[in-house]
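Trainee: got a predicted model here, sequence first, then my questions.
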Amino acid sequence: MRLKTLVLLLAAVTIPLVALAGGLETRKCAFKVKARCASGDARVTLADGAVQKIEVNISWCGLPGHPAYSCTIDSVRGDKDSTWSEQSGATIVANVAPFNPNQPDKVKLTVGKHLSIDMAEAQSLGRCGAGAELPRAIVIPAHGGACRLWINAP
């Protein structure tokens, strides 16, 4: 009887853990670049390894006595503001109403041990305040911690 109770208790604890393993996962990191007076964070939500949501927030210092400038990307698979597609193992999130309709405005996410957010083809205009710009790329390390960040030279 004790063994049967122990097995049932173990099963009751193990089954929910297995269900969570196949569910949602959030990968996130934060950064601070003192030389450029920039800070921010990135967060990507995955469902069974597929990207479902991306959030990027960046704050650039303003002139002394003035507010900071910010850049934001906030897209969810299926929202009306973006189109999502898969291309060569990466997820492409394209803005449906870019500031400059003659130029691409998309973010490429590649999921592996680390998670790469490539913003080389993303437009800063329309996503950022004056004086701010999106980085070229952010990499979220496998075990959290600080983001790896690639920004354009000043």
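Mentor: Perfect, thanks for sending it. Numbers count the residues shown, from 1 in each chain.
Trainee: quick one: low-confidence parts of this protein?
Mentor: In the predicted model of the chain, residues 1-22, 153-154 satisfy pLDDT under 70.
Trainee: how about the helices of it, start to end?
Mentor: Ranges of helices within the chain are 2-21, based on DSSP state H.
Trainee: mind listing the strands for it?
Mentor: Remark: strands assigned in the chain by DSSP state E are 24-33, 38-47, 50-60, 69-76, 82-87, 90-95, 106-111, 115-118, 137-140, 148-150.
Trainee: what is the first one packed up against?
Mentor: So the one you mean is strand 24-33. strand 38-47, strand 137-140 (3 or more C-beta pairs under 8 Å, 6 or more residues apart in numbering; DSSP states H and E). All C-beta atoms are positioned from the backbone trio N, CA, C, and that covers glycine.
Trainee: the first one pairs with which strands?
Mentor: It refers to strand 38-47. The pairing partners recorded for strand 38-47 under DSSP bridges are strand 24-33 (antiparallel), strand 50-60 (antiparallel).
Trainee: hmm, who's touching it?
Mentor: Contact with strand 38-47 is made by 23-33, 51-61, 71, 109, 111, 115, 117, 138, 140, 147, 151, as judged by C-beta atoms under 8 Å, 6 or more residues apart in numbering.
Trainee: just give me how far it sits from the chain centre.
Mentor: 4 Å (C-alpha atoms, centre = their mean, to the nearest Å).
Trainee: got the CA positions of that strand in CSV?
Mentor: The C-alpha trace of strand 38-47 is given here as CSV (Å, rounded to 0.1, in the frame of the first residue of the first chain):
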residue,chain,number,x,y,z
ALA,A,38,22.1,52.6,-23.7
SER,A,39,20.3,49.9,-21.8
GLY,A,40,17.5,47.5,-22.3
ASP,A,41,16.2,44.0,-22.5
ALA,A,42,15.0,41.3,-24.9
ARG,A,43,12.4,38.6,-24.3
VAL,A,44,11.3,35.9,-26.6
THR,A,45,8.5,33.4,-25.9
LEU,A,46,8.7,29.9,-27.4
ALA,A,47,6.0,27.2,-27.7
